[in-house]
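>>> Here's my sequence, what's the structure:
(one chain, ligands or ions: 1)
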Amino acid sequence: MLPGPDQIIECPHCHALARYGTLISGNTFGARLWTDGKQLAPMLPEVPPFTRCPACQAFYWVEDAPEVGQLNRWGDIKPGTPQAWADAPEVQEPSPEEYQEVLARGRPDGLTGERWEHLLIRAWHRYNDAYRELPAGTGAPALPEPIRTNMVTLTSVLTGESPSDHLLRAELQRQLGNMTQARRELQNVHDAPELVSQMLHLIEAGDATVREFQWE
Ligand SMILES: [Zn+2]
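Reported below is the predicted structural model:
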């Protein structure tokens, strides 16, 4: 992995600065993949696409934030670089509670369908984060009602027919405890036998917790 400079951006609401690391090159060596589609790759760190400004508390999409400049964090900071760039806080993914705060207001006005889907998926993944390392045989607690509501909304938003859409809907149904529907969705996935087989195994076991895919 070869890190690039830090990108400095400003909050579209209050202009407070923030930053995130860029990559010149990365790879998926050592990547981990979970049943809900979340992947963590240590050599390909991700910039959260959606964040909360620590200065004004408003939420924004990182790609909407004006770019102010770039900071080379590995070399000397060039003379004339504003100290505020070096001090800018790193962009953080919202907490599960912060996502709930956003989703409790319903679909934001003017939000594209793609972003609405993305927001629902990120909120779901963030909720699942607390249960990714549970040992086999230990289940996540019952879904809180607001989380369940978001997941049901997501199943209706995910209308695509791609294998990943079917896998995601199968996983949503499995975590919602609808094992028959989960199994039905998997019948439409033909090109990922390893993933399907592991999910079917969980469905047979009545396991509704997010699990990491295991590779031989
Ligand atoms: Zn702000």
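>>> Residue 69 and residue 112, how far apart?
28 Å (Cβ to Cβ, to the nearest Å). C-beta here means a position set from N, CA and C on the backbone, and glycine is covered the same way.
>>> Sorry, wrong one. I was asking about residue 57.
23 Å.
>>> Show me which of the two is the more surrounded one.
The residue with more neighbours, out of residue 57 and residue 112, is residue 57; 11 against 8, by other Cβ atoms under 10 Å.
>>> name the element that one belongs to?
Residue 57 belongs to no helix or strand when assigned by DSSP states H and E.
>>> now swap in the one 3 residues further on and tell me
Under the assignment given by DSSP H and E, the secondary-structure element containing residue 60 is strand 59-61.
>>> Report whether that strand contacts the ion.
No: judged by Cβ under 5 Å from the ion, strand 59-61 and the ion are separated, with a smallest distance of 7.5 Å.
>>> Give the rounded mean pLDDT of that strand.
When pLDDT is averaged over strand 59-61, the result is 98.
>>> Could you give the number of residues near the residue nearest to residue 16 when sequence neighbours are not counted?
Of all residues not flanking residue 16 in the chain, residue 55 sits nearest, at 3.4 Å (Cβ to Cβ, 6 or more residues apart in numbering). Look at residue 55: counted by other Cβ under 10 Å, it has 15 neighbours.
>>> List the contacts of residue 55.
Shown in contact with residue 55 (Cβ atoms under 8 Å, 6 or more residues apart in numbering): 11, 14, 16.
>>> ok, so of these, who is nearest residue 172?
Nearest to residue 172, judged by Cβ to Cβ, of the contacts of residue 55 is residue 11 at 32.4 Å.
>>> correct me, but that closest one touches residue 65?
Yes: assessed by Cβ atoms under 8 Å, residue 11 is found in contact with residue 65 at 6.5 Å.
>>> if I look at those two, which residues touch both of them?
With Cβ under 8 Å, 6+ apart as the test, residue 11 and residue 65 both reach residue 18.
>>> List the contacts of stretch 180-192.
161, 163, 166-167, 169-171, 173-174, 195-196, 199-200, 203.
>>> quick one: terminal-to-terminal distance for it?
20 Å (Cα to Cα, to the nearest Å).
>>> Check the residue nearest to residue 16 and give its pLDDT.
According to the model, residue 55 scores 98 on pLDDT.
>>> do the same with residue 76
pLDDT, read off for residue 76, is 61.
>>> Can you list phi and psi of the spatially most central residue of the chain for me?
With distances taken as Cα atoms, centre = their mean, the residue of the chain nearest its centroid is residue 122 (3.8 Å). With angles defined as degrees, to the nearest 10, residue 122 sits at phi -60, psi -40.
>>> Quickly list the domain ranges of the protein.
2-87, 96-204 (automatic domain parsing).
>>> Figure out which of the ones you listed is closest to residue 216.
domain 96-204 (8.8 Å).
>>> chain center to the closest one, what's the gap?
11 Å (Cα atoms, centre = their mean, to the nearest Å).
>>> can you pull the contacts of residue 40?
31-32.
>>> Can you list the residue ranges for strands in the chain?
2-10, 17-25, 32-33, 39-40, 50-52, 59-61, 67-71 (DSSP state E).
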